[in-house]
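> here are the coordinates; sequence isn't available:
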């Protein structure tokens, strides 16, 4: 048997890191659209939600995102069916409307709360065929880059109805701050304190305002 | 609002496909070792299990894999903790022994059945840091390339003990063909017919023998 040398097994690829940077640049150059996206389209990929409201908790986003969409409030992905399993590429992938549907669903969540989808915009990038393997990578890279509020401090925006028999769980932080989704209101578990969460949001927004005040 | 044009949102990267090919080439050049890997090592990544037995159902693998390890019987991955969530890279990733442990566990499965880990070898590739994002991609590409028997026709080799209260499920095809894992023997559900599965294996091995007979 061969002598063991760990280094012989480690794969490094500077090119891979370059590709990930390319995806971010491409993403940041995609058109910004209303929610839901005005035309139904097929495909899977990664998206960002931007807030542009002038009022309330998030009013500073208006100034920050006014000239260009600089700071997303949420990053998400829509993956092909069977994505978690190793899968063969199929033409079915291309017929999925996951990305469009996912963004539309976010619009419904915003409308169910006191927020309003008219105060939000989205941007997205379709990754299909071999490139669909990059979806998780690009989502993670974007989240690391932007640390969006609803991916980091205030969790739960992307949650789904847990379904009957599973309402013993707690309301997510997002639902505590933005009550309205009917299924979230059914959750019975002990949730986090609203005042503390709002304090977190205020402090996050203050930092953001300072960071972008001279930009 | 901007006019919608799907093409503006689609990311293509020929370089990405090249990188995936590089990973396969690198993988195929890594040393082949016994199971478990003789030295404990840290890291996550992708591995292959090769059969080299001279007897039984799989005896043709001896000839096929004799001069070089050409046809894996199984491909698997070991991912960093929290991999399914978007995560920040942490030094903890490097301290995980997931890949070593996973291969060792496969050795135990082989020994628990009538198979014997002495008749098997492994090969693996460590993907860490930014490259750990490639784990799922590389695993899927290797499976597509080799269509290993235990990833395709005969499922279940990589299964874990479902745990108490969940033994109502059926024994996997792998466990039907290779009985012995104590937790698999507890599974109560209606499993597939052993004779039919063995017939599938024989037919798979026959095709493989013909494909590699003149090589």
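Received the coordinates, thanks. All of these numbers come straight from a predicted model, not from anything done at the bench.
> which helix is the longest one in chain A?
Longest helix of chain A, by residue count under DSSP state H: helix A:194-212.
> What helices and strands are in contact with it?
In this structure, helix A:194-212 packs against helix A:60-64, helix A:173-177, with contacts taken as 3 or more C-beta pairs under 8 Å, 6 or more residues apart in numbering or on different chains; DSSP states H and E. (Glycine included, C-beta is placed from N, CA and C.)
> Show residues contacting that helix.
Residues from elsewhere that reach helix A:194-212, judged by C-beta atoms under 8 Å, 6 or more residues apart in numbering or on different chains: A:57-58, A:60-61, A:63-64, A:70-71, A:149, A:153-154, A:173, A:176-177.
> residue contacts, the residue nearest to residue A:39 when sequence neighbours are not counted?
If the residues on either side of it in the chain are set aside, residue A:39 comes closest to residue B:4, at 4.2 Å by C-beta to C-beta, 6 or more residues apart in numbering or on different chains. By C-beta under 8 Å, 6+ apart, the contact list for residue B:4 reads A:31, A:33, A:37-39, A:41.
> same thing with residue A:15?
Shown in contact with residue A:15 (C-beta under 8 Å, 6+ apart): B:15, B:18-19, B:22.
> and if you look at residue A:60?
For residue A:60, the contacting residues are A:205, A:208-209, taking C-beta under 8 Å, 6+ apart as the criterion.
> how about those residues in a markdown table, adding neighbour count and pLDDT?
As requested, those are exported to a markdown table (neighbours: other C-beta atoms under 10 Å in any protein chain shown; pLDDT from 0 to 100):
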| residue | neighbour count | pLDDT |
| --- | --- | --- |
| A:205 | 17 | 97 |
| A:208 | 18 | 95 |
| A:209 | 14 | 94 |
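> Bridge partners for the residue nearest to the spatial centre of chain A, pull those for me.
Among the residues of chain A, the one closest to the centroid is residue A:75, at 2.1 Å (C-alpha atoms, centre = their mean). When bridges are assigned using DSSP bridges, the partners listed for residue A:75 are residue A:48.
> Tell me if I'm right that it and residue A:50 touch.
No: applying C-beta atoms under 8 Å, one finds residue A:75 not in contact with residue A:50, separated by 10.5 Å.
> Chain A: strands as residue ranges?
Taking DSSP state E to define them, one finds strands in chain A at A:45-51, A:74-78, A:120-126.
> which residues are in contact with the last one?
Right, strand A:120-126. Counting contacts by C-beta under 8 Å, 6+ apart, the residues outside strand A:120-126 that touch it are A:23, A:26-27, A:30-35, A:37, A:41, A:43-53, A:65, A:69, A:72-73, A:99, A:103, A:106-107, A:110, A:138, B:6, B:9-11.
> I'd like the mean pLDDT over stretch A:46-56, please.
Taken as a whole, stretch A:46-56 carries a mean pLDDT of 97.
> residues of it that come out buried?
Neighbour counts over stretch A:46-56 (16 or more other C-beta atoms under 10 Å in any protein chain shown) mark A:46-53 as buried.
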